[in-house]
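Asker: Sharing a sequence plus its predicted fold:
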Amino acid sequence: MRKLIGLVFFILIISYAIFPLNNITLKVNDVPYDDGGKLVVKWKISLDKEVENIRISQYNGETWTVKKNTDNLNDSMKDNSVNYKQRYKYKIEVFDSEGNLIAEKSSRSIKPGVAFYNMGKTAVLIGLIIISGLIMFFINAARRGQKLKIRRIPALDSIEEAVGRATEMGKAVLFVPGILDVNNPQTIAGVMVLSEVAFKTAKYGTDLNVPVSKPVILSTASDTVKESYLKAGRPDSFNDDMVNYVTNDQFGYVSHIDGYMVREKPAAVFMLGAFYAESLILAETGHSIGAIQVAGTAMPSQIPFFITTCDYVLIGEELYAASAYLSRKPDVLGALKGQDYSKLIIMIILVVGTILTILFPDLDLSQWLTNIG
Amino acid sequence: MFLRRQVPFFITVVVALIMIIAYFTPHPTISPVRNKLQDWFMIIAAFTMIVGILSLIKVNIKKIRTASAGSDKIYSLVTLSSLFIMIFFGLLPGAGGINNSVFKFMFNHVMVPLQATMFSLLAFYIASASFRAFRAKSTMATLLLITAFIVMLGRVPFGRFISGPHLSNITEWIMNVVNMAGQRAILIGAALGVMATSVKIVLGIERSHLGGE
Amino acid sequence: MEFIEAIGFFIGGFLTLFIFSFLYKDNPFYKFAEHLFVGTSAAYWLVYMYHNVIIPDVVKEFISGNYWPVIPVILGIFMLFRLIPSVSHFSRMGIAFSVGIMAGYNIILQLETNIVRQVGATIARFNNFSLTGSNAAFSVNSIIILLVVLSALVYFFFSVEHKGTIGGIAKFGMWMLMITFGASFGYTVMARISLLIGRVLYLKDSWWGSIEYLLGI
Amino acid sequence: MNFWEKINNLDRRIVYLIIGLTVLIPLLFNIILEVEPTKPVQDIYDKIDSLEKDDVVLVSFDYAASSLPELQPMGEALIQHLFEKDIKVVAMALWPVGVQLSDNIFNVKSEEYNKKYGIDYVHLGYKTGGMVVIDSMGSGIEDAFPTDKNGNKLNELKLMRNVNKLDDFALAISLSAGDPGLRHFVMVAHDRYGVPVAGGCTAVSAPQFFAYYSSGQMLGLMGGLRGAAEYESIIEKLGTGSAGMAAQNYAHIMIIIFIIVGNISMVVLKRKKK
C-alpha cells in the first residue's frame, strides 16, 4: 500500500516539474493593527503563455473598479481606498500581447479589521509610561518629605531684583505672556511665572501691566493675577485692567507694546511664552528704554535674539522649570527631579543605542524609534 | 465650591485622557477626535473674542474719560472708531466679510502696510543688535559672535568674494552638525518640560491657571 | 491704477512712514498709526473668527445635522459669563477644557516628535558606521552630533549643581548651545534686510505712483 | 570723549539711519548688482528655453505679502520669459493673497506681450487644502478647480481644452514662502505624477529645498532675492530683483562693518582702562 502511495506521489511531482500548472495565486489580507483603511493584495502567476498585461480590480459590493495595471508576475499592492464598513473582493485578469483574456481569478471577500491599539506607536507608549512614571514617582517621593535641591538659575533669581527696582523707581512692571493662546504649553508656563511675579508686585504695591493678544489667555491670566493678589493679602489693589486684551494680530500687539514701553518706560520687562519674529522688536525697544529684561521661550529660533538683547534668558526647559524654582513647593520640585532622571535615561538610550547599532548593524535598532505607525 | 474646583479639574482630566487615548487608537471613530477637539478649542476662542473686544473697548473708554490732555482722547477714539467700522462692514449680512469692498480696502491698504512695516523694523533692529550686542564680552558671547559672523559671511556674496567656497562649506557644516545637534537637545529638554507641566496639570498639582477658591 | 487703488496706496504709504517715524522717537504720527492698527486688526480677527470658525464649524454643522459642536458653543458661552461678576467662575469650565486639550495633545505630540523621533534620528546616523572609506566624514559628524546632544542635555540638569565633572560637561554643553544660537542668529540676520527692501519698493512704486496719479502727472 | 568712546556708545538712531540709507540709495537710483547665475537657476532657464511653442506650464503663487520682496521679482521674471517664448501659462495659488499678487504680474505682462486671457494664460485662483489640491489635480484639474478664478467653466477656455490632468503640464513651478507650497509640489506633482518641478523660495527656507534639488526631485531652484536677481540677469531684464540684490549686498557689508567697529571700540576701551 505504501508503495502505491509513493508511486502516485512520485508521478504528481514529475508532472508538476514537466508541465508547470497554469496556476495563479491571488491572496488578500488585512493590514493588522490599523484603522481598517488598508488591504494588501498579493499575486503570483506562472503561465506557459507570454503575459502582456495584468489588471487587478476591486469589487466593493456594487461596482468593479480597476486598481492597477502591471506586467509584474509576482508582486503585491496596498489598497488604501477601503474602509472598515464594507466587504471587498479582488479579481485578477491576465492578457496576452493581442489583448485577449487568457486567465482570470477572483479572491475571497474580506472585511478590513479595525484594531483598538496601533502597534506602530509602542515606542511612544513605552516612553510615556517611563517618563510620566518617573515624574509621578518623584512627586510622591517629594511629598513624603525627601529633600530636593535645585541648581541656581540666575534668570529666576533676577525676578526679585527686577520687581524691587521697579518699586524703587515707582515705575510699572510689564509682563508679556507671548503671542499664542492657552493651547500652547509655553503660554501656560509663562502664566505660571506670572502668578509669582504678580505675588511680588502685590506685596510691593508696584503697578503691573499684562497686555495679552489672545482671548482665552485673557481670562486665564486675570484669574491668576487676582489669585496672587488674594494670596498676598492685597485684594483691593487688584484692578481688572491690569490684564488687558489688545488684538489677536501679532504685529498690532507688538506696535501697541512698543508704544506703551516708550511712553510709560516700565522698569522691568518680562517676556515669557511663545514668540516668533516679533521677539527682537520687543526686546530691542525694551533695551532702548533701559529696562531690566527677563525673557524665556522654547522657540529655538528666537532664543538668540533674546540672548543678544536681554539681561536674563530662560532657554527651553528652563522656562518650564521656572514655576517650580520660584514656588519651591515640594511636589513641583519632585516633578523636576523626574525630568532629570528622564534625561538620564534618554542619554543612556542614546549611548547604548549607538553602540548596539555599530556592533550589530543588521539589528536596525533605529527603526524602532523612527518608523512610528 | 463644587463648581469652582472639582468640575473644572474633572473636565481637564477627562479631556486630556481622551486626547491621549485617541492617539493610541486607530479606530476611525475615535482617532479623528484628536483634531476635532482642536477645532472645538477654536470655537471656544471665537466666542471668547467677544470678551477680549469688550475689554479693549472698556480700556479705551476709560482712557477717554480720564485722559487729561485732549489729544489723548483722540487716539482712543481712533481705535474705537476703526474697530466699529471694520466690525460693521465685516459682519454686514450678505455682502459682509472678506468680499465687502470697504472691509477689503481697510485690510489691503491699512492693515497689510502696517503689518509689513512693523515686520520690516526688524531690519533696523537687527543692525543695532549686531552693532551693540556683538561684543566679545565673555567667552560665551565670543563663541556666539564668531559663529554668527562665519555663518553670516558664508551665506552672502561678499563671503564668497573673500574666501571662495570655504566659508559656505564651514557654514554648511556648522548648520548641519552643531546647530542641528544643539537644537535637538533644546527640543528634547523642552519636550520633557511640556510633559512634566501636562502631568502636573492632569494631577491637579498645578492649578494657578484656574485661579483660587 | 484706478482711483480707489491710488487712494489706498496713498494712505498705505503715509502709514508706512508713520511707523518708520518711531525709529527716531515716539510721536503723534506713530501713536495714531498704532491705535488705528489695534482697532482695525482686533476687528479683522473677530470677523475672521466669525467667517472662518463660527459659520463653517458651528452653523453649517448644525444645519447638516451634526450637533456635537454644541459642547464648545456652551463652553464658549460660559466664557462670556466672565462679564457678570457673580457667575464669572463658570468661565473656568471653558479654561479647564482648553487647558485639558493642551495637556493631552502636547504630552504625546512633544514625546513623539521631539523625543522619540529625535533620539531615533541620532541613533539612525550610526547605521553602516565606518571610520574609513566613503562614509567616514558622515560617521565622524554623527559622533560629534551625539557628543553635542549629550553635553547640551547635561546643561539642562536641574537637580544637580553645575560643579566638578558635571559642571565641566555642562559648560561644554553651554558652549555648544552658544554656537547653535550664533549660527541661527547669523542665518536669519540677512533675511530680515529683504523686509525693508520690500517696504522701500512699496513706497517708491505704489505710494509714489499713487501721488503722481492723483496729481495727474 | 575720544573717537572710540563715541563709537562705543553710538546712538542707535545713527545705526538705523546708516542701514536705512544703505538700502534706500541703491533702490532709489536703481543701482544694479549683476550676479553671475548659478547652476540651479540656470537649469530652470534652460528647461523653459527648451520648451516648444504650445507647451503649457503651471505656475503656483504660494506666498503672502511679507515674502513679496523675494518672490514677486521671480514671478515677474518667469512670466516674462514664458510669454516671450509663447508658452501657455496656467496660474494657481495655494495661499489666498497669492491670487492678488499674481494678478499684479499678469495685468502688466499680458499688456506688454499682448497675451489674451483664456488663450495664452488662465488663472485658476486660490483653493484651500494644499497637498490635497495638487493630488486631486493629478486625476483631473476640474476635480480641484471646477471653474477658473472668474468663475467660467474650464472647458469653455480654449487653452484648457487639451490640459485636463496634472501630467499634461510640461513643467510645474511653485513660488513658495512655506507650507503649503514647493515641498508638496515635489512630493505629489513630481514623486507621484512624474511632472518636472522647479521652484522659488525665500532665502531662509532655501537650504531645505536644496536637498530636493541635489536629489534630483527638483530640476531647479531660485533661493531668495539672489535667485531672483540671477534669473533676471539670465533673461537680461534687470528689475526689482537685481536692484534689491544691490541693496541687500551693501546692507550685509554694512552690518559686518558694524560688528567689526563695535568690537574694535570695545577692545580699545578695555585696553585704555587697564
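Answerer: Sure, I can see it. The structure presented is a predicted model; accordingly, all values stated were derived computationally and were not measured. Numbers count the residues shown, from 1 in each chain, chains lettered A, B, ... in the order given.

Asker: is stretch A:331-338 anywhere near chain C?
Answerer: Yes: using C-beta under 8 Å from any C-beta of the partner chain, stretch A:331-338 reaches chain C at A:336, A:337. C-beta coordinates here come from the backbone N, C-alpha and C atoms, glycine included.

Asker: Poorly predicted segments of chain D, please.
Answerer: Applying pLDDT under 70 to chain D picks out residues D:1.

Asker: domain parsing for it?
Answerer: The record assigns chain D these domain ranges, following automatic domain parsing: D:3-30+D:247-273, D:39-237.

Asker: Out of those, which is closest to chain C?
Answerer: domain D:39-237 (3.3 Å; C-beta to the nearest C-beta).

Asker: so how far does that closest one reach from one end to the other?
Answerer: 19 Å (C-alpha to C-alpha, to the nearest Å).

Asker: Please identify the deepest-packed of the domains of chain D.
Answerer: Burial of these is given as mean neighbour count (mean count of other C-beta atoms under 10 Å in any protein chain shown); domain D:39-237 ranks first at a mean of 20.

Asker: touching chain A at all, that domain?
Answerer: No: Domain D:39-237 does not reach chain A (C-beta under 8 Å from any C-beta); its nearest approach is 9.1 Å.

Asker: right, is that domain up against chain C?
Answerer: Yes: residues of domain D:39-237 contacting chain C under C-beta under 8 Å from any C-beta: D:66, D:68, D:69, D:70, D:202, D:203, D:204, D:224, D:225.

Asker: Sticking with the closest residue to chain B within the stretch 151-274 of chain D, tell me its helix or strand.
Answerer: Closest to chain B within the stretch 151-274 of chain D is residue D:258: 3.9 Å, counting by C-beta to the nearest C-beta. Using DSSP states H and E, residue D:258 maps to helix D:240-273.

Asker: list the helices and strands that helix packs on?
Answerer: Here helix D:240-273 touches helix B:112-133, helix B:139-154, helix B:157-163, helix C:164-201, helix D:3-8, helix D:12-28, helix D:68-84, helix D:224-234, going by 3 or more C-beta pairs under 8 Å, 6 or more residues apart in numbering or on different chains; DSSP states H and E.

Asker: rewinding a little: and the closest residue to the residue of the stretch 151-274 of chain D closest to chain B other than its chain neighbours, how many neighbours?
Answerer: Nearest residue to residue D:258, sequence neighbours excluded (C-beta to C-beta, 6 or more residues apart in numbering or on different chains): residue B:131, at 3.9 Å. For residue B:131, the neighbour count with other C-beta atoms under 10 Å in any protein chain shown is 25.

Asker: Please enumerate residues in contact with the least confident helix or strand in chain B by mean pLDDT?
Answerer: Lowest by mean pLDDT, DSSP states H and E among the helices and strands of chain B is helix B:157-163, with a mean of 72. With C-beta atoms under 8 Å, 6 or more residues apart in numbering or on different chains as the test, helix B:157-163 has contacts from B:152, B:153, B:167, B:168, D:35, D:226, D:249, D:252, D:253, D:256.

Asker: closest one to residue A:234 among the domains of chain D?
Answerer: domain D:3-30+D:247-273 (38.5 Å; C-beta to C-beta).

Asker: Quick one: name whatever helix or strand follows the least confident helix or strand of chain B.
Answerer: Next along the chain from helix B:157-163, counting by DSSP H and E, comes helix B:165-173.

Asker: Run through the residues that contact the residue of the stretch 151-274 of chain D found nearest chain A.
Answerer: For the stretch 151-274 of chain D, the residue closest to chain A is residue D:204, as judged by C-beta to the nearest C-beta, at 9.5 Å. With contact taken as C-beta under 8 Å, 6+ apart, residue D:204 is in contact with C:187, C:188, C:191, D:224.

Asker: so the second one sits right up against residue A:300, yeah?
Answerer: Going back to what we said before, that points to residue C:188. No: contact status for residue C:188 versus residue A:300: not in contact, 11.5 Å apart, counting by C-beta atoms under 8 Å.

Asker: for chain B, what are the nearby residues on chain D?
Answerer: Neighbours of chain B within chain D, by C-beta under 8 Å from any C-beta: D:10, D:12, D:15-16, D:18-20, D:23, D:35, D:65-66, D:100, D:203, D:207, D:226, D:249, D:251-256, D:258-259, D:261-263, D:266.

Asker: Please report the distance of the residue minimising distance to the centre of chain C from chain B.
Answerer: Nearest to the mean C-alpha position of chain C, counting by C-alpha atoms, centre = their mean, stands residue C:188 at 14.9 Å. Distance of residue C:188 to chain B, computed by C-beta to the nearest C-beta, to the nearest Å: 8 Å.

Asker: Mind pulling up the pLDDT for that residue?
Answerer: Listed pLDDT for residue C:188 reads 80.

Asker: Spatially nearest residue to it (excluding sequence neighbours)?
Answerer: residue D:204 (6.4 Å).

Asker: Roughly how far does that neighbour sit from residue C:190?
Answerer: When distance is defined by C-beta to C-beta, to the nearest Å, residue D:204 is 9 Å away from residue C:190.

Asker: for residue B:202, same thing?
Answerer: 44 Å.

Asker: Next: residue A:166.
Answerer: 37 Å.

Asker: what's the answer for residue D:20, then?
Answerer: Residue D:20 is 17 Å from residue C:190, by C-beta to C-beta.

Asker: Which residues belonging to stretch C:112-131 are considered buried?
Answerer: C:112, C:114-120, C:122-127, C:129 (16 or more other C-beta atoms under 10 Å in any protein chain shown).

Asker: And those residues, which is closest to chain A?
Answerer: Looking across these and measuring by C-beta to the nearest C-beta, the closest to chain A is residue C:120, at 2.8 Å.

Asker: quick one: is the helix or strand hosting that closest one near chain D?
Answerer: Per DSSP H and E, residue C:120 falls inside helix C:117-124. No: contact of helix C:117-124 with chain D (C-beta under 8 Å from any C-beta) is absent, the minimum separation being 14.8 Å.

Asker: low pLDDT regions in chain B?
Answerer: For chain B, the ranges with pLDDT under 70 are B:1, B:3, B:95-98, B:134-137, B:157, B:211-213.

Asker: hey, where'd the helices end up in it?
Answerer: With DSSP state H as the criterion, chain B has helices at B:7-24, B:33-66, B:70-90, B:101-106, B:112-133, B:139-154, B:157-163, B:165-173, B:180-203.

Asker: Can you get me a residue count around residue B:61?
Answerer: 12.

Asker: Ignore what I typed, I meant residue C:199.
Answerer: The number of residues near residue C:199, taken as other C-beta under 10 Å, comes to 25.

Asker: Tell me which residues touch the closest residue to it other than its chain neighbours, please.
Answerer: Nearest residue to residue C:199, sequence neighbours excluded (C-beta to C-beta, 6+ apart): residue B:120, at 4.5 Å. Shown in contact with residue B:120 (C-beta under 8 Å, 6+ apart): C:195, C:196, C:198, C:199.

Asker: State the pLDDT value of the third one.
Answerer: Per-residue confidence at residue C:198 stands at 86 (pLDDT).

Asker: Spatially nearest residue to the most centrally placed residue in chain A (excluding sequence neighbours)?
Answerer: Centroid-nearest residue in chain A: residue A:124, 10.5 Å away (criterion: C-alpha atoms, centre = their mean). Closest residue in space to residue A:124, ignoring its immediate chain neighbours: residue C:112 at 4.9 Å, by C-beta to C-beta, 6+ apart.
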